[in-house]
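**Q** fold the following and give me the result.
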Amino acid sequence: MTKIAAARPLLAIALAAAAAGAAFAHGDVAPQPVETGNLPAVGDEWLTENPYRAEAAGEEVWAEAVTIGASGYNQNCARCHGLEVISGGLAPDLRYLEAEEYGDEWYVERFRHGYTQNGITKMPAFGELLGQEAAWAIRTYIETRPDDGALDEYAEHLKDVRDGLVKHAEEIAAGTAKAADFSEELAALKAELEGIAEQVPTASGAPKADSAASRAAAALDGSEQAIKHAAEILTVGLSAAE
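**A** As a prediction, this is how the structure comes out:
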């Protein structure tokens, strides 16, 4: 039995009872707006399935949804559900909400209407305030979170990669080298990181994970700040994984 399948009974119970817990008592927090202007509009009628998955919307839309969703999640959801969607144990770990219609239906219902118990708002209704595009962007971010230990087998190598990038960034800052001096090396490194990223499993069962490896690969875009940015991404990602 997979970890996701094993988690379903417990997750279903936790989701049904989630709003009853103190961890969800954030009805007094005003939802923060999410800028979704770069995402395709999905209409006024609420969908029951995530429209921003890569297989449906394409890689560029998926990547944009992940970026926007990360911001929206951190502003509105992380307080209770944890940074990087890693629950501290008091709230359900939303990473394990299946990336399929069953998970989508529960998610959008709770997102739209929130939860009130005995007249007390345990979770605010985000639907009218944030809108459907924000809802599905946050959902996309949540479902692309890596499973626990997903980077463990690559951690030591990624540390070496990070250290090499830091060294190059320091050389550039000192004026002893230019980014162009490392162009071939960085192109090969970008491809290597993309290969690692493809092997990182999600907790939700979604086919694509948004991991430190994929973020670092995307950061290596040839710009002057690319090396430093990629090194910072790996530093943060490896720290979060420990």
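
**Q** and the spatially most central residue of the chain, how far is that from Ala212?
**A** Among the residues of the chain, Tyr141 comes closest to the average C-alpha position under C-alpha atoms, centre = their mean, at 3.6 Å. According to C-beta to C-beta, to the nearest Å, Tyr141 stands 15 Å off from Ala212. All C-beta atoms are positioned from the backbone trio N, CA, C, and that covers glycine.

**Q** pLDDT of the longest helix belonging to the chain, averaged?
**A** As assigned by DSSP state H, the longest helix anywhere in the chain is helix 155-174. Mean pLDDT, helix 155-174: 96.

**Q** now that helix: buried residues?
**A** Residues of helix 155-174 classed as buried by neighbour count (16 or more other C-beta atoms under 10 Å): 158, 161-162, 165-166, 168-169, 171-172.

**Q** now stretch 34-54
**A** The neighbour-count check on stretch 34-54 (16+ other C-beta under 10 Å) flags 34, 36, 39, 42, 50-54 as buried.

**Q** so which of those residues comes closest to Glu64?
**A** Nearest to Glu64 among those: Leu39, at 6.0 Å, using C-beta to C-beta.

**Q** how about the closest one, nearest residue that isn't a chain neighbour?
**A** Glu133 (5.0 Å; C-beta to C-beta, 6 or more residues apart in numbering).

**Q** who are the contact partners of that neighbour?
**A** Residues in contact with Glu133, defined by C-beta atoms under 8 Å, 6 or more residues apart in numbering, are 36, 39, 41-42.

**Q** do Ser214 as well
**A** 193-194, 197, 200.

**Q** go on, Leu238?
**A** Contacts for Leu238 (C-beta under 8 Å, 6+ apart) come out as 151, 155, 158-159, 162, 212.

**Q** same question for Val108.
**A** 46-48, 135, 139.

**Q** next, Glu49: secondary structure please.
**A** coil (DSSP: H, G, I helix; E, B strand; the rest coil).

**Q** settle this for me: it is touching Gly103, isn't it.
**A** No: taking C-beta atoms under 8 Å as the definition, Glu49 is not a contact partner of Gly103, at 9.7 Å.

**Q** count the neighbours of Lys178 for me.
**A** Close neighbours of Lys178, defined as other C-beta atoms under 10 Å, add up to 11.

**Q** likewise for the one 5 residues further on?
**A** For Ser183, the number of neighbouring residues by other C-beta under 10 Å comes to 11.

**Q** cool, and the one 3 residues further on?
**A** A total of 20 residues lie near Leu186 under the criterion other C-beta under 10 Å.

**Q** and it, that's in a strand?
**A** No: counting by three-state DSSP, Leu186 falls outside a strand, being helix.

**Q** could you pull up phi and psi at the closest residue to it other than its chain neighbours?
**A** Sequence neighbours aside, Leu220 is the residue nearest to Leu186 in space, at 5.4 Å (criterion: C-beta to C-beta, 6+ apart). Taking degrees, to the nearest 10, you get phi -80, psi 70 for the backbone angles of Leu220.

**Q** surely Leu220 and Lys228 touch.
**A** No: in this structure Leu220 lies outside contact range of Lys228 using C-beta under 8 Å: 10.9 Å.

**Q** residue at max distance from the center of the protein?
**A** Most remote from the centre of the chain, using C-alpha atoms, centre = their mean: Thr176, at 36.7 Å.

**Q** in what helix or strand does that residue lie?
**A** Under the criterion DSSP states H and E, no helix or strand holds Thr176.

**Q** now it: how far from Thr144?
**A** Where Thr144 is concerned, Thr176 sits at a distance of 38 Å (C-beta to C-beta).
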